[in-house]
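Visitor: Starting from these lines, generate the structure:
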Amino acid sequence: MILTIDVGNTRIKSAVFENNNLIDLFVFNKDELQKKVSIILKKYIEIDVLVVASVGKVGIGDFLFLQNRLKIEFITHEFQFPFRNKYQTPATLGIDRMILASGAVLQFPKQNRLVIDAGTCITYDFIDDDDNYLGGAISLGVSLRYKSLHNYTAKLPLLELKYPNNFIGNSTPESLHSGVVNGLIYEIEGFINQYEAQYSKFTIILTGGDAEFLAKRLKNTIFANSNFLLESLNHTYQYKIKND
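Guide: Below you'll find the predicted structure:
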């Protein structure tokens with residue numbers, strides 16, 4: 001069994017895999033890392049490999065307490081990926097974006113792919129049908145939009161994600177919801193339309209914590225999977241094993 005861990009900007013997500021089958025999911029805070037991982041390993045004693053990707057302040061040293069228990073694969077830019085990286089500044093490309101690109105290549109072979117990760121930030125990553133990673137875009141996620149409107153104004157309230165009752169907000173909260181949610185939906189659809197103008201056919205993969213909320217409201221046909229990064233961690237490790 002394999003335990004994958006995605007250390008994000010706000011939380012840690014983890015999944016247990018047996019081959020390519022997702023068995024269990026976990027979400028916890030960074031200060032709970034050792035406790036939660038120990039609980040998972042007690043529950044699934046068959047786990048013998050840990051695959052980690054981190055964009056947060058958790059590094060390889062935070063997992064050394066497990067080095068006598070299992071094999072640790074901490075994915076970095078030097079890892080073996082199934083695509084050619086055409087990014088002009090490859091060392092600055094987020095490891096999470098690389099893993100998402102890897103998963104897109106391995107799960108959707110020989111086609112153009114656009115991966116949209118709706119988390120703390122919204123990232124757009126495009127990989128063509130010849131497995132070239134071309135780049136994409138980075139934007140504010142839903143929670144950052146709400147927080148920015150609250151933090152950088154004098155009187156706007158801090159709201160939680162909610163779909164607006166009407167396109168025309170008839171109150172300050174409704175106006176905020178309309179601006180944040182509709183603005184993000186139009187942004188995503190605008191990016192998709194730009195890619196469609198240049199590439200006649202491609203697969204759209206929507207993932208991240210807000211994927212399910214957004215998927216119901218987007219007009220375009222997409223493959224929505226909030227666990228795509230965790231699955232991509234597993235697929236990327238399996239790819240390395242097969243090609244070693």
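
Visitor: The helix or strand containing residue 236: which residues count as buried?
Guide: Secondary structure assigned from DSSP states H and E places residue 236 in helix 228-243. Neighbour-count burial for helix 228-243, counted by 16 or more other CB atoms under 10 Å, picks out 228-240. Placement of C-beta: from N, CA and C, glycine included.

Visitor: So residue 164 sits against residue 177, correct?
Guide: Yes - counting by CB atoms under 8 Å, residue 164 does reach residue 177; the two are 4.0 Å apart.

Visitor: More neighbours: the two, which one.
Guide: More neighbours surround residue 177 than the other of residue 164 and residue 177, with 21 against 18 (other CB atoms under 10 Å).

Visitor: Tell me how far the helix or strand harbouring that one lies from the chain's centre.
Guide: Per DSSP H and E, residue 177 falls inside helix 172-177. How far helix 172-177 lies from its chain's middle: 27 Å, per CA atoms, centre = their mean, to the nearest Å.

Visitor: Need the contact partners of that helix.
Guide: 146, 149, 156, 157, 159, 162, 163, 164, 165, 166, 169 (CB atoms under 8 Å, 6 or more residues apart in numbering).

Visitor: rerun at 6 Å
Guide: 159, 162, 164, 169 (CB atoms under 6 Å, 6 or more residues apart in numbering).

Visitor: Repeat that for stretch 2-10.
Guide: 13-17, 47, 49-54, 56, 58, 120, 229-230, 233-234.

Visitor: hang on, the earlier thing: got the buried residues for the helix or strand that the helix holding residue 177 is followed by?
Guide: Next helix or strand after helix 172-177 toward the C-terminus (DSSP H and E): helix 183-198. For helix 183-198, a neighbour-count test (16+ other CB under 10 Å) marks 184, 188, 191, 192 as buried.
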